[in-house]
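> sequence first, predicted model second:
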Amino acid sequence: CREAAMAALRALLPQIEFEVGAIPYEALMELRIHRAHFFEALKEVEPSALREITVEVPDVRWEDVGGLEAVKQELVEAVEWPLRYAPLFQHARTRPPRGILLHGPPGTGKTLLARAVATESRTNFIAIKGPQLMSKWVGESERAVREIFKKAKQAAPCLIFLDEVDALAPTRGLDPSGVSERVLSQLLTELDGIEELRGVMVLAATNRLDMVDPALLRPGRFDSLIQIPMPDERERLEIFRVHTRGKPVARDVDLTVLSKESQGLSGADIEAICREAAMMAIREYLEAHPWGSDPGFQGYAVRMAQLVEAIKSLAKEGAR
């Protein structure tokens with residue numbers, strides 16, 4: 001409310017003549033706090049419960065994720081629809097998924113999808129890396145899990161993202177210290193205990209599904225297990241389009257050919273290819289044009305040969 005009032009005052013400032021030293025009575029009488037001022041205040045004020053653990057989420061949209069159309073649609077239905085169409089879910093007497101687990105090979109875009117979900121759903125977002133909750137002190141790890149869910153409930157609707165969840169909740173019996181078993185028990189209690197988890201959704205990611213304890217994977221805890229496969233040729237083409245968007249690219253670049261040549265590569269590999277090709281083009285440009293001799297960098301462009309060379313270089317590193 002205070003920020004909304006300040007926004008209304010800022011709108012009045014252009015009408016004030018500061019040399020006079022007084023504000024006209026008519027201007028004060030016309031001062032009103034409108035709905036737009038409250039929306040402006042909502043952009044400035046964050047939930048106080050999240051100030052200690054809030055993270056800056058990169059502005060990643062669905063169009064920044066190449067391919068994976070079925071996965072994106074499933075995430076929209078699981079995360080965005082319950083927020084946007086809550087009365088419909090109540091009428092259907094259907095609760096949304098409590099937890100979603102993304103699993104697949106490294107570099108296929110699991111964390112990128114989590115960033116896109118956080119941006120598109122416009123919910124409060126807490127990102128937790130699995131190993132950061134582990135502590136050598138007895139009870140500290142379990143307390144950290146309790147605090148995260150407590151703050152998420154206070155700031156509901158809230159999305160908790162657990163990256164590398166296999167480090168947080170491995171199969172019981174593998175940790176001789178017993179810390180991971182206590183953390184797993186606390187996590188299971190928070191997800192599906194006596195207290196209902198309202199307004200909080202858990203999104204997790206792992207590339208070692210076989211290491212995650214089976215008790216965490218049953219319905220009621222992680223209701224949806226979504227596999228993120230390696231991209232096919234059509235999806236690789238979409239990923240190349242995403243990572244060459246806005247870049248100065250030469251006319252000889254054929255993304256269709258590149259998508260065929262990059263068989264077996266992940267989305268992270270394709271991003272690395274585009275970055276390495278851009279570095280090759282920068283080296284070539286600086287050799288041909290001393291700094292400042294080409295205003296506007298008109299001679300700079302990423303060529304097809306550089307992209308092909310980057311693919312070959314990545315294949316050599318993989319062979320090692």
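Perfect, thanks for sending it. Residues are numbered from 1 along each chain as shown.
> what comes into contact with stretch 226-238?
If you take C-beta atoms under 8 Å, 6 or more residues apart in numbering as the criterion, stretch 226-238 is touched by 66-68, 71, 74-75, 100-105, 108-110, 113, 239, 255-256, 258-260, 262-267, 270. C-beta coordinates here come from the backbone N, C-alpha and C atoms, glycine included.
> can you say which of those are buried?
66-68, 71, 75, 100-104, 108-110, 113, 239, 255, 258-259, 262, 265-267, 270 (16 or more other C-beta atoms under 10 Å).
> tell me which of those residues fall in helices.
Using DSSP state H, the subset of the buried ones among the contacts of stretch 226-238 located in helices is V71, L75, K110, L113, I239, L255, L258, S259, G267, I270.
> run a quick neighbour tally on the residue lying closest to L197 once chain neighbours are set aside.
The shortest distance from L197 to any non-neighbouring residue, by C-beta to C-beta, 6 or more residues apart in numbering, is to R98 (6.0 Å). The number of residues packed near R98 is 19, by other C-beta atoms under 10 Å.
> next up, the contacts around R98.
L191, D192, L197, M201, V202, G220, R221, F222, D223.
> of these, the lowest pLDDT goes to which?
pLDDT across these is lowest for L197, at 72.
> report the contact partners of V117.
So V117 contacts L75, V79, L159, L203 (C-beta under 8 Å, 6+ apart).
> now do the same for it: helix, strand or coil?
V117 falls in the helix class when you classify it by DSSP: H, G, I helix; E, B strand; the rest coil.
> and it, what pLDDT?
85.
> re the thing from before, of the contacts of V117, which belong to strands?
Counting by DSSP state E, the contacts of V117 place L159, L203 in strands.
> make CSV from the contacts of V117 and add pLDDT and distance to V183 to it.
As requested, these are arranged in CSV below (pLDDT from 0 to 100; distance: C-beta to C-beta, whole Å):
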residue, pLDDT, distance to V183
L75, 87, 26
V79, 82, 25
L159, 84, 20
L203, 88, 18
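> can you redo the contacts of V117 as a markdown table with distance to Q186?
Below are these laid out as a markdown table (distance: C-beta to C-beta, whole Å):
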| residue | distance to Q186 |
| --- | --- |
| L75 | 26 |
| V79 | 24 |
| L159 | 19 |
| L203 | 18 |
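> among the contacts of V117, which one lies nearest to V308?
Closest to V308 out of the contacts of V117 is L75 (34.0 Å), distances taken as C-beta to C-beta.
> which residues does the closest one contact?
Each residue near L75 by C-beta under 8 Å, 6+ apart is listed here: I100, L113, A116, V117, I226.
> mind putting the contacts of R98 in a markdown table, distance to V308 included?
What follows is those, written out as a markdown table (distance: C-beta to C-beta, whole Å):
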| residue | distance to V308 |
| --- | --- |
| L191 | 48 |
| D192 | 51 |
| L197 | 50 |
| M201 | 43 |
| V202 | 42 |
| G220 | 50 |
| R221 | 46 |
| F222 | 41 |
| D223 | 44 |
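> can you pick the most crowded of those?
V202 (26 neighbours).
> what pairs with that residue across the strands?
In this structure, V202 bridges to G99, I160 when assessed by DSSP bridges.
> how much space separates it from L187?
Noted for V202: a distance of 9 Å to L187, by C-beta to C-beta, to the nearest Å.
> need the phi and psi values for N124.
Note on N124: backbone dihedrals following degrees, to the nearest 10 are phi -70, psi 140.
> biggest separation within the ones in helices among the buried ones among the contacts of stretch 226-238, which pair?
L75 and L258 (27.5 Å).
> on contacts alone, who are the packing partners of the helix or strand containing D166?
Using DSSP states H and E, D166 sits within helix 165-168. Applying 3 or more C-beta pairs under 8 Å, 6 or more residues apart in numbering; DSSP states H and E, we find helix 165-168 packed against helix 179-192, strand 200-206.
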